[in-house]
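> I would like the atomic coordinates for the input below:
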Amino acid sequence: MSGVGGREAAMRLPPADGHATEEACRAALEGARAKGDLRGEALCLGRMAIIVERAGRYDEAEDLYRQSVDAARRSGDDELMLAGAGSLANMAFSRGRLATSREFYQLALDLAEKVGIGGAVEACSHQLGIIAEALGNPAEAEELYSRSLRAAQQLGNRSGMAKSLHQMGNLAFSQQHHDLAEHHYREALAIKDEIGDTEGAANTHFQLGILAEVRGRPREAEALFWRAVRAARQSQSPSSEARCWRRLGALALEDGHAGRAEHFCRHSVACAERARDTSAAAQGYLQLGLVTLAQGRFSDSERHFQRGLRLFRRLGGRVGEAAALYHLGVIAQETGELDRAEGLYREALLVQEEVGDPAALSATCRRLEMLARATNGVGAPRDVGAARCRTSMAEVAAPAKTAAPANRPRPPLVPLVHRGRRPSGRRPTGAYYN
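Residues are numbered from 1 along each chain as shown. A predicted model of the protein is given here:
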């Protein structure tokens, strides 16, 4: 459920019988309670929670898992309590409820260490590392990933070792420790190649490509993205393939090869739609909009940005929504619709302030100042004052180091159209979790 493959299996409650129904579980629960069988009560509650969770009734499922954990605690069955806590933590994590998932992963970790279940120690430490990274606690995340790695090494779990190393690479990358990040990624990649994990190899090749981009090595990045494409195809992972095509399209655009860039971006969108990956499709349309905008094809570009905007709004992807609004404003400005451009920039500005993106905010302020000058205004239009824009630009000049949230496996998109030479000082474009 959480995005780390099958690592949660060691923490799941025994699954309900394929023919079991919620009503049958309730009847069994009543029987267990009548007998005073606390272990039976915990099992029935856990199985009901699984059924309810599969039906999408998540709040009810969470309540049932909590009851299951409590019954297991009263029964003195630590392993059953571990299973319930792990299941609840997985569900909370998948819903983005980090505080709840952290609480129950920690409980599961304590129980796993008490009863000596190494697989659960590894899985819980790994998940707690992701949460710590998301909450901006890199030192804690590093310790937890190292703990997960040690547990995987003790178990001889090569797949778990690779996943922990990849996460350690992501953490180093987010802190701009590029040499360390590359070291961890290459260790992870060697293991994935050895065990035949082609999907995991695709993710690590991709992340090495992003790292090469950030270091200003576009040809190395391109070669790594092509390797990622081949690995994604071999593993039949169209979502992974989609993000590789998108980055290849971005590189081609920066090199001035707009036709090639468009070809790659259309591949990206096609793969995303085949995978029914709304997030990848939204980002693909955004990149396709950038390509056609760079060619001066405003109608095509607007159509792509509008599609991306609708998808980002459906997902609640605020960074992507702001980028789409900004570029729609650019198109309106380029085509002389200045009032519409101002409205779009203002919409983008509100979202950028909400998500705290100083680089994007600064770009939008500059655009609004350009509009003010074009319409004979003085300074920035109305509530977008010059002081506010100067503050945004100062933030860009000295950005604070922050860890990228770990529960979003996709890169933030910078709302700027680059033409000609590659821009210097690119921001890291996010980490993919494997």
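> Low-confidence regions, this structure specifically.
1-20, 376-434 (pLDDT under 70).
> what ranges do the strands span in it?
Shown for the chain, no strands are assigned by DSSP state E.
> How about L45, nearest residue that isn't a chain neighbour?
S68 (3.8 Å; Cβ to Cβ, 6 or more residues apart in numbering). C-beta coordinates here come from the backbone N, C-alpha and C atoms, glycine included.
> That neighbour and C44: what is the separation?
Plainly put, S68 is 8 Å away from C44 if you go by Cβ to Cβ, to the nearest Å.
> again, but for H183
Taken as Cβ to Cβ, the span from H183 to C44 is 49 Å.
> Which residue of those two possesses the greater neighbour count?
C44 (27 against 15; other Cβ atoms under 10 Å).
> what sits against that one?
By Cβ atoms under 8 Å, 6 or more residues apart in numbering, the contact list for C44 reads C25, R26, A28, L29, A32.
> can you do 10 Å?
Contacts for C44 (Cβ atoms under 10 Å, 6 or more residues apart in numbering) come out as 16, 20, 24-33, 37, 64, 67-68, 71.
> wait, isn't G119 in contact with L155?
Yes: taking contacts as Cβ atoms under 10 Å, G119 lies within contact range of L155: 6.5 Å.
> more neighbours, the two?
Neighbours were counted for G119 and for L155 using other Cβ under 10 Å; G119 has more, 18 against 14.
> right, and S301 touches A258 too?
No: using Cβ under 10 Å, S301 is not in contact with A258, being 11.6 Å away.
> thinking again about what came up before, could you turn the buried ones of the contacts of C44 into a PyMOL selection?
Remark: buried members of those, expressed as a PyMOL selection using 16 or more other Cβ atoms under 10 Å:
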select buried, resi 16+20+24+25+28+29+32+64+67+68+71
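> neighbours of A372, just the number please.
Neighbour tally, A372, other Cβ under 10 Å: 18.
> Show me which of S301 and A258 is the more surrounded one.
Using other Cβ under 10 Å as the criterion, S301 and A258 rank with S301 on top: 24 against 20.
> Distance of that one relative to I51?
Taken as Cβ to Cβ, the span from S301 to I51 is 48 Å.
> next one: D37
D37 is 20 Å from I51, by Cβ to Cβ.
> now do A42
Relative to I51, and taking Cβ to Cβ, A42 is found at 15 Å.
> So those two - more neighbours on which side?
Neighbour count, other Cβ under 10 Å: between A42 and I51, A42 has more, with 27 against 18.
> what's near enough to touch that one?
A42 is in contact with 13, 29, 32, 67-75, 77, 80-81, 83-84, counting by Cβ under 10 Å, 6+ apart.
> isn't A99 right next to L135, touching?
Yes: A99 lies in contact with L135 (Cβ under 10 Å); the separation is 9.0 Å.
> So which of these two has more stuff around it?
L135 (16 against 9).
> Excluding chain neighbours, what is closest to the more buried one?
Nearest to L135 is L98, by Cβ to Cβ, 6+ apart, at 6.5 Å.
> what do you get for R186?
What sits nearest to R186 in space, not counting adjacent residues and going by Cβ to Cβ, 6+ apart, is L208, at 7.5 Å.
> Can you give me the distance of that neighbour to F225?
9 Å.
> try H126
Distance, H126 to F225, by Cβ to Cβ: 27 Å.
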